[in-house]
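[1] how would this look folded up:
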Amino acid sequence: MRSFSFIFAVLFMASFLSAQNNSATIIQNNNGNSADVAQTGSDNVSKLIQEVKDNTANIVQNGAENILKNSELVTAYGDFAKQRATSVLNLDQNGDGNVLGLFQNNQKNIANVNQGGSTNAVDVWQQAFGGVVSGNETDIDQVGNNNTAKAYQKGDLNYSKLFQEGDDNKTFLVQNGLNVGPDGGLSNTSTLLTTGNNNTVDVNQFGNSNIGNVTVDYYGDAATTAEFNSVIIDQDGNSNQGYLTVKGASNSVELTQVGDGNREYVQNFGSSNEVYITKTGDGNRGFWLLNANATSNDIDVMVLGNGNYATGHIRGTDNNVNISQTGNTNMVTASGQYSAKDGVVVDGDLNDAEIIQTGDFNMGVINQTGNLNDAVINQTGNNNTATITQTN
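    The predicted structure is shown next:
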């Protein structure tokens, strides 16, 4: 059953008034409803609530300080912006100071958000019920400066894609599953791309088999720098994977994994970047690479647990690598793989590589080619192996 009568009255007002302070209110119950709203001007407000399932809302707001609002984490649907079960929101906001707050309840909801301008804010809260369910999807694109994007997903099999282009933007993503224990979840995935300067990316995933994919990049070409960005990924659970690619200069990357069977892939293109990797648990793995012309970078890897790998390859000058492993059967591999490059290999000048291993059955490998390199391996325990090869 479809409900259109009230919406038509609202859309008449929203479509033909292009000044300021317009208000559109959409209330739809039952299944399979559709709502279309277009507002032009400043200080416009859309209030949306779609209940039951299979509803769609298409909203366009052109101007400054327009609002479609709920969430920051939901206070019982005040100002609406609420959809339930297999619903879709398509929102385009063009201008400065616009706000989206959205709560989507139950499963298979989709939020597609595009904002162009500065000082815009997005807050999407998607919650699926318990058990292994088909999750929700969030796709947020923001182009401009001083924008904020927040996505919260609770439940299993959720997907988030967040893209920000500009300077001084902030991205926050939390994925928290329901299926395993009070905080565990299965197979949530995130993809975040930030291009520009002074941006902040913060990803928190709680559960199992989560994937966090973060890229800090230029504005489409290497002629524009990507500087002073901060990336933090915190994964709590088992079999998590963290993929980080950093292009540019003076960026900071922190990856923390707590649990079993975690993987990390860190690639760094650029100069004066800092990478911190901390892992606590068993069977953790590693792969990190500083590409050619990546100079004056700092990588710190700390692993607490058993059966860990490290690997690595550094090309450039004045780079610094510190690896600390505490536990049994740790390797900085050549080549126990994962996916080796292989065991701190340094090509360049004035590099510093240091490996400290505490425990049993450890193996440390450092190969350096170039001038004035320093290599230190400190091992405490039984049956450790250390190999250093330096060519000047």
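[2] would you list every one of the helices in the stretch 1-150 of the chain?
    For the stretch 1-150 of the chain, helices defined by DSSP state H, counting those that start in this stretch occupy the ranges 5-16.
[3] low-confidence ranges in it?
    Scanning the stretch 1-150 of the chain for pLDDT under 70 picks out 1-20, 71-74, 76-77, 129-134.
[4] now do the strands in the stretch 251-392 of the chain.
    Along the stretch 251-392 of the chain, counting by DSSP state E, counting those that start in this stretch, strands occupy 252-258, 263-271, 274-280, 287-290, 298-304, 313-315, 320-326, 331-332, 345-347, 352-358, 363-369, 374-380, 385-391.
[5] what angle sits between the third one and strand 298-304?
    Using axes from the mean of the first three to the mean of the last three Cα atoms, to 10 degrees, the direction of strand 274-280 lies 0 degrees away from that of strand 298-304.
[6] tell me what strand 274-280 is packed against?
    Judged by 3 or more Cβ pairs under 8 Å, 6 or more residues apart in numbering; DSSP states H and E, strand 274-280 is in contact with strand 252-258, strand 263-271, strand 298-304. (C-beta placed from N, C-alpha, C; glycine too.)
[7] given the second one, what are its sheet partners and their directions?
    Okay, so that is strand 263-271. Using DSSP bridges, strand 263-271 pairs in its sheet with strand 241-249 (parallel), strand 287-290 (parallel).
[8] so what touches that strand?
    226, 240-251, 253, 255, 257, 275, 277, 279, 284-291, 293-297, 299, 338 (Cβ atoms under 8 Å, 6 or more residues apart in numbering).
[9] give me the buried entries from those residues.
    226, 240-251, 253, 255, 257, 275, 277, 279, 284-290, 294-297, 299, 338 (16 or more other Cβ atoms under 10 Å).
[10] contact partners for residue 87?
    Counted by Cβ under 8 Å, 6+ apart, residue 87 has contacts 50, 53, 54, 55, 56, 57, 104, 109, 110.
[11] tell me the phi and psi of it?
    phi -100, psi 160 (degrees, to the nearest 10).
[12] how far away is it from residue 373?
    59 Å (Cβ to Cβ, to the nearest Å).
[13] and what of residue 254?
    Counting by Cβ to Cβ, the gap from residue 254 to residue 373 is 26 Å.
[14] more neighbours, those two?
    residue 373 (22 against 17; other Cβ atoms under 10 Å).
[15] quick check, pLDDT for the closest residue to the more buried one other than its chain neighbours.
    Distances taken as Cβ to Cβ, 6 or more residues apart in numbering place residue 351 nearest to residue 373, at 4.8 Å, with adjacent residues excluded. Listed pLDDT for residue 351 reads 70.
[16] now for residue 351, how many residues are close by?
    26.
[17] measure it to residue 376 for me?
    For residue 351, the distance to residue 376 - Cβ to Cβ - is 12 Å.
[18] now swap in residue 267 and tell me
    25 Å.
[19] now do residue 114
    51 Å.
[20] next one: residue 115
    49 Å.
[21] looking at these two, which is more packed in?
    residue 115 (26 against 13).
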